[in-house]
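> Provided below are the primary sequence and the corresponding predicted coordinates.
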2 protein chains.
Amino acid sequence: MSEIIEICRRAREASYALAAASRGTKDAALHAMAAALRDNTEQIVEANANDVAAAREAGTPESTVDRLALNPSRVDAMAAGLEELAGLVDPVGEVVRGYTLPNGLELRQVRVPFGVVGIIYEARPNVTADAAGICLKSGNAVLLRGSSSAAQSNAAIVDVLRSAVVEAGLPADVIQGVPGDRAAVKELMQARGLVDVLIPRGGAGLIQTVVSESTVPVIETGVGNCHVYVDAEADLDLALEILLNSKTQRPSVCNAAESLLVHADVADEFLAKALPALVEAGVTVHGDPAIVAAGADVVAEGKNIVAATNEDFGAEYNSLDLSAAVVPDLEGAVEHIRKYSSAHTDAIITRSQAAARRFVQAVDSAAVVVNASTRFTDGGEYGFGAEIGISTQKLHARGPMGLPEMTSTKYVVIGEGQIRT
Amino acid sequence: MSEIIEICRRAREASYALAAASRGTKDAALHAMAAALRDNTEQIVEANANDVAAAREAGTPESTVDRLALNPSRVDAMAAGLEELAGLVDPVGEVVRGYTLPNGLELRQVRVPFGVVGIIYEARPNVTADAAGICLKSGNAVLLRGSSSAAQSNAAIVDVLRSAVVEAGLPADVIQGVPGDRAAVKELMQARGLVDVLIPRGGAGLIQTVVSESTVPVIETGVGNCHVYVDAEADLDLALEILLNSKTQRPSVCNAAESLLVHADVADEFLAKALPALVEAGVTVHGDPAIVAAGADVVAEGKNIVAATNEDFGAEYNSLDLSAAVVPDLEGAVEHIRKYSSAHTDAIITRSQAAARRFVQAVDSAAVVVNASTRFTDGGEYGFGAEIGISTQKLHARGPMGLPEMTSTKYVVIGEGQIRT
């Protein structure tokens, strides 16, 4: 048996005890994990220093090194995250529906853990603690596969967490790291039946690889090409504020806006304010001919207004770039979004109830927003208390995934001798 | 563009109108579809006669020919099924959760159609009307790929249904058949992005093919290796009645019992009654050594009690065969079920509340039953009103799938200018 298969089997075995554990036991484990992180800060930061040194030596950009680096306050934040999880309601056992059938059978659909969850993720070592905590609270044994650049940090964190869950009376193997090279990851992705679900967290390349190579079911997390559509009936001041927030408040994340659509009737008035404001904020606007023409009137020539290519409208920039187009009407906006959106988050700015209703109905995205920033699509903002990622697929979970999304259900049917006739 | 891709694109386009249709429009379409089936009974039965003749000519077993054959009363039953769907609540628009966030954003998670659903199914042409009806009611454009043995029947039914939906004001392309050879089906399974979900309905071979060859997300429907566990605390008369019902009431279906487990403490007493009763009912028992020994005492030698192989305990017989074993205790039953069950439906017979609770907790199957027949795992029995199949996977839907399971959700977020700070 290969090492990976052996790890998967140990996870399955450990998952039985975890699935049967009470909320009290799980919360005690989360508190023990938090305390253990704090008690072993020095050891974790030291292991991380090796990863950071290796990354610098390999010429990794300083922004990536910053994401990788841990210090005592970051370790403390990881611990605090685990303590917050202990305060959340246990999703396991929730009755999703339940009634008594005409023949007296009591039917209940109840949330249960998946069993074994694999997380494949990049860069930030805090994901190791976050994902371990969310999986533990939802009753799932977890297999953690971080990036090789964080290998020593992740191994140190996993060691600390494993000791802590044992203190709380759970098997160490409810949390395991997945060692080895790409072949090992491939084996993990093919461990159908041993692993119940895989969640890739990272860039588009990672997600694509996992989706195409896995036989284990995958929950795809989100690439975001989010749109802000300024309707003919929009409050234009509000629209500008929302657009700037959606684009510039944190451009590197998946719920940042990547594309602006403007109704033709308000294009001149809106763009006269919006284009200078965007340029002022450091944004490069990749516009269709109408945008470029409007830009020529209001922005100094050559200043960050460029002609868009077809690729621009499909792009997730994750930077201070924005594609932009003027559309003839709301239906034109819907058509554009259907063609180019990644179906993550799309917003309309309008005072018209009819326009808002039509946009909400017609735009088939994980989140459809009326008169607010795209930046709210987030488990924390939605009040979930914890988030394992944002799903952009349609099966099982769509949008931010909290604890309930980390469960399956089973039907429990209680009778007193009912047979079928 | 290939014919299949063209069909998928037409389905996507048609799905937009269907997703926006009111329940009134959809119910009118279902009634029109039912009326059209009745009005065109003769044409449908004639087309079916050609399929039946071809099947007989090819030497198809008469039981399979019977599943294929249509007559006026079977066509009428298809129509009645569509009318029943019209009476069910529309799942689209149901608010799954909703609340107002601290910043005033109104958050609602709302059921929406998947968009385009592909159904790949075998033999029975009534599935064509059933699946078309369920998809229409849940707002999904459907691509129907039946078996080639029912090609003329399916084509006739699809033609009739398409005309009917147009009468009701919906695009014909909300219902389409998928023509062509295996290569065409392969193309359908690879139409990721154009088809939102594929549901295979049929034997294990079909399901396996679809799961392994699809890049489109699949909802796996059920192979059933269902267990009946007779606990030490069981009412043995009740246990026997439930066992016989689970095994013999309809042995060819996925929720029929395929395996009996008996607690050692009651094995002698229970088997003395159960083995003769099973043999009397025409069941062949594939037993472990303890069962075979018990059988030698109570059943005439050579009469339908045979030694089980390892394959027996994993088998879905779909026939009057039953694997059987004596287990030392409840935990032994759980272990056996974890090893061999297909996680469809497993039942415990017991008067002990503690045993029932432990079994329900530890057995990780789509349906876990206490003191009732395994045969109840069914959308109709569960009161869903309609069933597209029984999922044995853990993502999205598990157990019988009704109309809500044929939907995804989106988050609708309504604000008045909220931005993220």
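Structure's in. What do you need? Residues are numbered from 1 along each chain as shown, chains lettered A, B, ... in the order given.
> buried set for stretch A:87-94?
Buried residues in stretch A:87-94, counting neighbours by 16 or more other C-beta atoms under 10 Å in any protein chain shown, are found at A:88, A:90, A:91, A:92. Just so you know, the C-beta spots here come from the backbone N, C-alpha and C atoms, and that holds for glycine as well.
> Residues touching it, excluding its own?
With C-beta atoms under 8 Å, 6 or more residues apart in numbering or on different chains as the test, stretch A:87-94 has contacts from A:19, A:23, A:26, A:110-113, A:137-139, A:385-386, A:403-404, A:406-407.
> switch the cut-off to 6 Å
With C-beta atoms under 6 Å, 6 or more residues apart in numbering or on different chains as the test, stretch A:87-94 has contacts from A:23, A:111, A:113, A:138, A:139, A:385, A:403, A:404, A:407.
> Using the three-state scheme, assign the fifth one.
Read it as residue A:139. coil (DSSP: H, G, I helix; E, B strand; the rest coil).
> Quick check: it vs chain B, distance?
11 Å (C-beta to the nearest C-beta, to the nearest Å).
> OK, contacts around residue A:421?
So residue A:421 contacts nothing (C-beta under 6 Å, 6+ apart).
> Shouldn't it be within a strand?
No: Residue A:421 is assigned coil when assessed by three-state DSSP, not a strand.
> Could you name the specific helix or strand carrying residue A:409?
Element membership for residue A:409 (DSSP states H and E) is strand A:407-418.
> what mean pLDDT does that strand have?
Computed over strand A:407-418, the mean pLDDT rounds to 98.
> Do any residues in that strand lie close to chain B?
Yes: Strand A:407-418 is in contact with chain B by C-beta under 6 Å from any C-beta of the partner chain, via A:408, A:409, A:410, A:411, A:412, A:413, A:414, A:415, A:416, A:417, A:418.
> Name all residues that make contact with the last one.
Residues near residue A:418 by C-beta under 6 Å, 6+ apart: A:103, A:105, B:372.
> Top of those by number of neighbours, please.
Highest neighbour count within those: residue B:372, with 27 neighbours (other C-beta atoms under 10 Å in any protein chain shown).
> Just confirm it contacts residue A:416, I think it does.
No: using C-beta atoms under 6 Å, residue B:372 is not in contact with residue A:416, being 7.8 Å away.
> Can you tell me which residues in the stretch 301-421 of chain A are near chain B?
So the stretch 301-421 of chain A meets chain B at A:360-361, A:367-373, A:375, A:394-396, A:398-399, A:408-420 (C-beta under 6 Å from any C-beta).
> filter these to the buried ones?
Neighbour-count burial (16+ other C-beta under 10 Å) applied to these gives A:360-361, A:367-373, A:375, A:394-396, A:398-399, A:408-415, A:417-420.
> Closest residue of the stretch 151-300 of chain A to chain B?
residue A:245 (3.7 Å; C-beta to the nearest C-beta).
> And for that residue, the neighbour number?
Quick note: residue A:245 (other C-beta under 10 Å) scores 23 neighbours.
> Could you do residue A:42 as well?
By other C-beta under 10 Å, 10 other residues sit near residue A:42.
> returning to what we had before: ok, of the buried residues of stretch A:87-94, which one's closest to chain B?
Nearest to chain B among these: residue A:92, at 9.9 Å, using C-beta to the nearest C-beta.
> Phi, psi for that closest one please.
phi -70, psi 130 (degrees, to the nearest 10).
> Excluding chain neighbours, give the residue nearest to it in space.
Among residues not flanking residue A:92 along the chain, residue A:139 sits closest, at 4.7 Å (C-beta to C-beta, 6 or more residues apart in numbering or on different chains).
> Enumerate every residue touching that neighbour.
A:18, A:19, A:92, A:113.
> Could you do residue A:214 as well?
Residues in contact with residue A:214 (C-beta under 6 Å, 6+ apart) are A:189, A:198.
> rewinding a little: dump the buried residues of stretch A:87-94 into a markdown table; add pLDDT as well.
Compiled in a markdown table, these are given as follows (pLDDT from 0 to 100):
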| residue | pLDDT |
| --- | --- |
| A:88 | 96 |
| A:90 | 97 |
| A:91 | 97 |
| A:92 | 97 |
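> would CSV of the residues you listed with secondary structure and distance to residue A:237 be doable?
Output for the buried residues of stretch A:87-94, formatted as CSV (DSSP: H, G, I helix; E, B strand; the rest coil; distance: C-beta to C-beta, whole Å):
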residue, secondary structure, distance to residue A:237
A:88, coil, 38
A:90, coil, 45
A:91, coil, 42
A:92, coil, 47
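> so which of those comes closest to residue B:172?
Set against residue B:172, the nearest of the buried residues of stretch A:87-94 by C-beta to C-beta is residue A:91 (43.1 Å).
> Pull up the gap between the closest one and residue B:110, please.
Counting by C-beta to C-beta, to the nearest Å, the gap from residue A:91 to residue B:110 is 21 Å.
> Kindly report the same for residue A:98.
22 Å.
> For the stretch 151-300 of chain A, what lies in contact range of chain B?
Checking the stretch 151-300 of chain A against chain B by C-beta under 6 Å from any C-beta, the hits are A:196, A:217, A:238, A:241, A:245, A:249.
> Any idea how many residues pack against the first one?
To tie it back to what came earlier, the one meant is residue A:196. Counted with other C-beta under 10 Å, residue A:196 comes out at 25.
> surely it meets residue A:114?
Yes: the pair residue A:196 and residue A:114 passes the contact test of C-beta under 6 Å, sitting 4.1 Å apart.
> Tally up the residues packed near the nearest residue to residue A:95 once chain neighbours are set aside, please.
Counting by C-beta to C-beta, 6+ apart, residue A:95 lies nearest to residue A:108, which is 5.2 Å off, once chain neighbours are set aside. If you count neighbours by other C-beta under 10 Å, residue A:108 ends up with 17.
> what's whichever strand or helix holds residue A:108 packed up against?
Residue A:108 belongs to strand A:106-113 when assigned by DSSP H and E. The contact analysis (3 or more C-beta pairs under 6 Å, 6 or more residues apart in numbering or on different chains; DSSP states H and E) places strand A:106-113 against strand A:95-100, strand A:407-418.
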